[in-house]
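>>> Whatever this is, show me its structure:
(4 chains)
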Protein chains: 2
Amino acid sequence: MGAGKTYGVRGFAQIAGVTVRALHHYDALGLLKPRRTASGYRRYRESDLERLEQIIALRFIGVPLKSIRALLDGTPNELIRALRLQRSLLEEKRRRLNAALAAVADAETALRRGEEADIRLLRRIIEVIEMQSNSDWLSKYFRDDAKTALEARKAAWTPELQAHAEQDWSALFGEIRMALDEDPASPKAQALVDRWNDLLRAFLGGDTQLVHGVKALYADRANWPAGFKTKMAPFSDERVWEFVIKAAAARRSQTE
Amino acid sequence: MGAGKTYGVRGFAQIAGVTVRALHHYDALGLLKPRRTASGYRRYRESDLERLEQIIALRFIGVPLKSIRALLDGTPNELIRALRLQRSLLEEKRRRLNAALAAVADAETALRRGEEADIRLLRRIIEVIEMQSNSDWLSKYFRDDAKTALEARKAAWTPELQAHAEQDWSALFGEIRMALDEDPASPKAQALVDRWNDLLRAFLGGDTQLVHGVKALYADRANWPAGFKTKMAPFSDERVWEFVIKAAAARRSQTE
DNA sequence: GGTTGACCCTGACGCAACGTCATCCCTGAT
DNA sequence: ATCAGGGATGACGTTGCGTCAGGGTCAACC
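Residues are numbered from 1 along each chain as shown, chains lettered A, B, ... in the order given. Presented below is the predicted three-dimensional model:
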């Protein structure tokens, strides 16, 4: 006859990978109400396991329990809308998380280089980062079609990439500073420009509109906000930029 | 005489960019205790602003208010330790967030392709993703030195990159399937192999140890866990793999 | 029948960082 | 004296359970 295994809370919790308390909670919220024995004990069945796994799935992606209830009894369309909503919420969360991570990472390297082991440092860094994400001021250097590209790159920007990029640029800057006396037309100088362009392409994804924007941005460096200037301070050696410009010009005249 | 501006709660909250309630809260927690007028009104001074900004900075990176209190009165060393701790906490958070995002994104594309608009789909996807992050089983295919490289790549792995990579591979797979009748030694086939290798390098960062591991992984495909098989299903067309292998072999014999 | 474990039940408080009232007090202007 | 606009304190709400506390239930063993 219709046997069908049933489980007590403890066993059920174990096979589902949740705590007993969580099951109590879902029961209290009306999310998952098992049958009861005469004496009031909860008895879970296989079908309850299925529902519980769905609950866990939605919880995993951050849907609040209250909404889960509606979703589980709703139509597929509601599910689709919920997924869209969750994705944008998660993306927003990640933006903030990345900003925080970048701040911590920056502060740590700054501390390692021994620039005042103080909280004020952290505060300044966070200023910079918030300013970066409020990068409306940046938009005036980019044309509309380049802005969407810029947004796309910002979205895929992780602290690791950031740190990596900073290291690469920093190293290249150092090498160029060592080579300032070279002839901008020399092979060595040309090799440096090659690396410069490679980095720029890696950074901008080869989008020429973005390249134009960055050039405009650099040209107007006198009017940068203070926080951004601070951030760019390690790369503010004019001689390096001039050297790169001259070397690039030398290349063009050679190729002609 | 020692003037020094002071502010009422409202004004102070405004210039600091927090709510009045938050100031009350910090006061109650003993984090930021302003002076009081005779009648009990709070009066904030410039030095309070400085401290508040430090509080905000630490809160921004996710330090709990209780710990902030200790940090603000502590030594720089404590700050450094706190930063390290925060970073690992944030990284862990981000891992989970990325997993959730990947799940949602996968579910959305699957739904768009109309594969049962059901929550069970989401559950399966999450199974897969959790299995990916529990990727201990993967480690048997990689040597120890490759494992650290693998971890590094996992850390920088965002859902966007994931989605992008999947699209690239998916497109390439499709094209190869169209070209199965070509001669593996033909230029067209060789171009496809080039793209294949490019993607592989972009994916593995050119690490040859990782390449070996992936080869071992593919060779043992019969023993993959179910979840991973599901995930790999779109790329399970044996003919494509064979074609690539033959084309690569053809190249080697040509170059000889 | 009594006892012992092993389970199970229902409250109820706790946590983090405030948001949101509700109630009452101060202060300066009219 | 009155009134508007702040200010202060107290207390409950939020989210997803963890963690007791105080008591039932059940099957087995003596």
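>>> Doesn't A:Pro56 lie inside a helix?
One correction, residue A:56 is Ile, not Pro. Yes - the assignment for A:Ile56 (DSSP: H, G, I helix; E, B strand; the rest coil) places it in a helix.
>>> Count residues in the vicinity of it, would you?
17 (other Cβ atoms under 10 Å in any protein chain shown). Using the backbone N, CA and C atoms, a C-beta is placed for each residue, glycine as well.
>>> for A:Glu91, same thing?
16.
>>> Tell me the secondary structure at it.
helix.
>>> Apart from its neighbours in sequence, what residue is nearest it?
B:Leu101 (6.9 Å; Cβ to Cβ, 6 or more residues apart in numbering or on different chains).
>>> Mind pulling up the pLDDT for the one you found?
We have a pLDDT of 93 for B:Leu101.
>>> The host helix or strand of it and DNA strand D in contact?
In this structure, B:Leu101 sits in helix B:76-112 according to DSSP states H and E. No - with Cβ under 7 Å from any atom of the strand as the criterion, DNA strand D is not reached by helix B:76-112; the gap is at least 13.0 Å.
>>> Buried residues of that helix, list them for me.
B:79, B:82-83, B:86-87, B:90-91, B:93-94, B:97-108, B:110-111 (16 or more other Cβ atoms under 10 Å in any protein chain shown).
>>> got a list of what the closest residue to DNA strand C within chain A touches?
Residue of chain A nearest DNA strand C, by Cβ to the nearest atom of the strand: A:Gly8 (2.4 Å). Contact partners of A:Gly8, counting by Cβ atoms under 8 Å, 6 or more residues apart in numbering or on different chains, are A:41-44.
>>> and the longest strand belonging to chain A, does that touch DNA strand C?
Determined from DSSP state E, the single longest strand within chain A is strand A:42-45. Yes - for strand A:42-45, a contact with DNA strand C is found by Cβ under 7 Å from any atom of the strand, at A:Arg42.
>>> What pairs with that strand, parallel or antiparallel?
Neighbouring strands of strand A:42-45 in its sheet, by DSSP bridges, are strand A:6-7 (antiparallel), strand A:35-36 (antiparallel).
>>> before we move on, back to that, drop anything exposed from the contacts of A:Gly8.
With burial judged by 16+ other Cβ under 10 Å, the buried subset of the contacts of A:Gly8 is A:42, A:44.
>>> closest to A:Pro225 among the contacts of A:Gly8?
Distance to A:Pro225, by Cβ to Cβ, is smallest for A:Tyr44 among those, at 58.9 Å.
>>> hang on, the closest one packs against A:Gly4?
No - judged on Cβ atoms under 8 Å, A:Tyr44 makes no contact with A:Gly4 at a distance of 10.9 Å.
>>> Kindly report the residues of the stretch 1-150 of chain A close to DNA strand D.
A:19, A:21-22, A:25, A:37-41, A:59, A:64-66.
>>> Which of these fall in helices?
A:21-22, A:25, A:59, A:65-66 (DSSP state H).
>>> where does the stretch 1-150 of chain A dip in pLDDT?
A:1-3, A:115-117, A:131-135 (pLDDT under 70).
>>> In contact with the closest residue to A:Leu90 other than its chain neighbours: list those residues for me.
Counting by Cβ to Cβ, 6+ apart, A:Leu90 lies nearest to B:Leu101, which is 4.9 Å off, once chain neighbours are set aside. Neighbour list for B:Leu101: A:87, A:90-91, A:94, B:158-159 [criterion: Cβ under 8 Å, 6+ apart].
>>> Within range of chain B, give me the residues from the stretch 151-256 of chain A.
Proximity of the stretch 151-256 of chain A to chain B (Cβ under 8 Å from any Cβ of the partner chain) is limited to residues A:155-156, A:158, A:160-161.
>>> make it 6 Å
A:156, A:158, A:160 (Cβ under 6 Å from any Cβ of the partner chain).
>>> Among these, which ones are in strands?
Short answer: those have none in strands (DSSP E).
>>> Out of those, who's the most crowded?
That'd be A:Thr158 among those, by other Cβ under 10 Å, with 21 neighbours.
>>> Which parts of chain A are helices?
Using DSSP H, helices in chain A cover A:9-16, A:20-28, A:46-60, A:65-73, A:76-112, A:119-133, A:144-155, A:159-178, A:187-204, A:208-219, A:226-232, A:238-255.
>>> Show me what the last one is packed up against.
Using 3 or more Cβ pairs under 6 Å, 6 or more residues apart in numbering or on different chains; DSSP states H and E as the contact criterion, the secondary-structure elements in contact with helix A:238-255 are helix A:159-178, helix A:187-204.
>>> pLDDT averaged over the longest one, what's the number?
Mean pLDDT, helix A:159-178: 82.
>>> Buried ones only from the ones in helices among the residues of the stretch 1-150 of chain A next to DNA strand D, please, as a PyMOL command.
The following PyMOL line selects those of those that are buried, judged by 16+ other Cβ under 10 Å:
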select buried, chain A and resi 22+59
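>>> Closest one to B:Leu121 out of the ones in helices among the residues of the stretch 1-150 of chain A next to DNA strand D, please.
A:Arg59 (16.2 Å).
>>> ok, back up a step: also near DNA strand C: which of the residues of the stretch 1-150 of chain A next to DNA strand D, exactly?
A:40-41.
>>> For the residues of the stretch 1-150 of chain A next to DNA strand D, work out which two are farthest apart.
Every pair of those checked by Cβ to Cβ; the farthest is A:Ala38 and A:Pro64, at 34.5 Å.
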